[in-house]
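S.K.: how would this look folded up:
(4 chains)
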Protein chains: 2
Amino acid sequence: MAVMTRWLDPDEQRTWRAYLAASRALMDTLDRELQRDAGMPHAYYEILVQLSEAPGRQLRMSQLAQAAGSSRSRLSHAVARLEAAGWVRREDCPTDRRGQIALLTHEGFATLAAAAPGHVEGVRRHLFDALSPAQVDQLRRISETLAEHLTGS
Amino acid sequence: MAVMTRWLDPDEQRTWRAYLAASRALMDTLDRELQRDAGMPHAYYEILVQLSEAPGRQLRMSQLAQAAGSSRSRLSHAVARLEAAGWVRREDCPTDRRGQIALLTHEGFATLAAAAPGHVEGVRRHLFDALSPAQVDQLRRISETLAEHLTGS
DNA sequence: GCGATTTAGTTGAGCTCTCAACTATCGGGG
DNA sequence: CCCCGATAGTTGAGAGCTCAACTAAATCGC
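M.R.: Next up, the predicted model:
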């Protein structure tokens, strides 16, 4: 049985293409800046941020994966790299012998602290400086709705 | 000389995190669906779309790179793969002997035609269904502003 | 014309991500 | 107690991306 495709109307088409172009350009730019200035991709930066804000600067791998929006596998590989760089350490979880705890080292924290100002400046320049306060508010609502919609289903 | 960092205020912080979570979840979801249903990542799909809309279903590599928001290197690798899959063919450019023209094959067009309905449905379900018409309009303006801001600088 | 610069595109190495398969442990039901 | 399904995390292979280096051809400036 044939199911009719609900094609995008011209407005939606235009929105979708603009969105694609903008989000790709934004993330590519930030990723490149972070790689150049801090020697790490944005995904790794996010992992360090999440750890830095967790109590004791440590998290179970699963929770860290969720917080950083990463798959378990991706996180496993990433933490292996971060550990090799000396920014993260892994310890056994005392309450669950399957578990691993990732914790931010001093060096990791220092690296993050050094990278943060430049990165924040980048986010501001490339994103917020281009938008009006009303648009920032709109973007927040849209993103929150979307995030819930996507992780809910 | 010390330069003060313009940190993000709580609203901006919240906006940025929501944006990150939403855009990552959206692209990951669409990418996975496309990979599963059409056997190609979203980046390749976009290349095929651009070719399919170009006159004669062909474009110079540089123009294609720009249209698809890709670096030259990335496009070169991608087209090599697409060519191996039989979806794209490369020809010498008659007016510039440095140039290469990428053109969509029949198979490539057929593959794209087969993949499009499912992908469009995904975009609709994961993005537009969650937003009000006003929000779609807001997202379009924000994205267009942003895209111009990013590619202009 | 002709050397210097720019532009078009490719290539290879190294890195990250995905997917599927795998080990090990936990927790519940007979 | 033991089996069984679920959960935690890792691993390896393969694919895609980035960066820098490279070739070749066009174009600029004199």
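
S.K.: all contacts plus neighbour counts: C-alpha atoms, from now on.
M.R.: Fine.

S.K.: Please enumerate the strands of chain A.
M.R.: With DSSP state E applied, chain A shows strands at A:58-60, A:88-92, A:100-104, listed in chain order.

S.K.: quick one: which of those is nearest B:Gly122?
M.R.: strand A:58-60 (32.6 Å; Cα to Cα).

S.K.: Surely A:Ala67 is in contact with A:Gln50?
M.R.: Yes - the criterion here is Cα atoms under 8 Å, and A:Ala67 meets it with A:Gln50 at 6.7 Å.

S.K.: which of those two has more neighbours?
M.R.: More neighbours surround A:Gln50 than the other of A:Ala67 and A:Gln50, with 19 against 16 (other Cα atoms under 10 Å in any protein chain shown).

S.K.: and that one, what does it touch?
M.R.: A:64, A:67-68 (Cα atoms under 8 Å, 6 or more residues apart in numbering or on different chains).

S.K.: one more time with 6 Å, if that's ok
M.R.: By Cα atoms under 6 Å, 6 or more residues apart in numbering or on different chains, the contact list for A:Gln50 is empty.

S.K.: Next one: it from DNA strand C, what distance?
M.R.: The gap separating A:Gln50 from DNA strand C is 15 Å, by Cα to the nearest atom of the strand, to the nearest Å.

S.K.: again with A:Thr5
M.R.: Relative to DNA strand C, and taking Cα to the nearest atom of the strand, A:Thr5 is found at 24 Å.

S.K.: Please list all residues in contact with that residue.
M.R.: Neighbour list for A:Thr5: B:Pro117 [criterion: Cα under 6 Å, 6+ apart].

S.K.: ditto for the one 10 residues further on
M.R.: Contacts for A:Thr15 (Cα under 6 Å, 6+ apart) come out as B:Arg140.

S.K.: Need the pLDDT of it.
M.R.: pLDDT recorded at A:Thr15 is 98.

S.K.: Equivalent analysis for A:Glu33, please.
M.R.: pLDDT at A:Glu33 comes out at 97.

S.K.: Quick check: buried residues in the helix ranked longest in chain A?
M.R.: Identified as the longest helix of chain A according to DSSP state H is helix A:10-38. By neighbour count on 16 or more other Cα atoms under 10 Å in any protein chain shown, the buried set for helix A:10-38 is A:12, A:14-16, A:18-23, A:25-27, A:29-34, A:38.

S.K.: and that helix, anywhere near DNA strand D?
M.R.: Yes - using Cα under 7 Å from any atom of the strand, helix A:10-38 reaches DNA strand D at A:28, A:32, A:35-36.

S.K.: burial of A:His119, as a residue count?
M.R.: 21.

S.K.: Give me the nearest residue to it, chain neighbours excluded.
M.R.: A:Leu34 (6.6 Å; Cα to Cα, 6 or more residues apart in numbering or on different chains).

S.K.: Look up how far B:Asp92 lies from the one you found.
M.R.: 38 Å (Cα to Cα, to the nearest Å).

S.K.: One more: A:Glu83?
M.R.: A:Glu83 is 48 Å from B:Asp92, by Cα to Cα.

S.K.: more crowded one of the two?
M.R.: Neighbour count, other Cα under 10 Å: between A:Glu83 and B:Asp92, A:Glu83 has more, with 18 against 13.

S.K.: From A:Ser71, how far out is the more buried one?
M.R.: 18 Å.

S.K.: mind listing what A:Glu83 touches?
M.R.: Contacts for A:Glu83 were tallied using Cα under 6 Å, 6+ apart; they are A:Arg89.

S.K.: Many thanks, have a good one.
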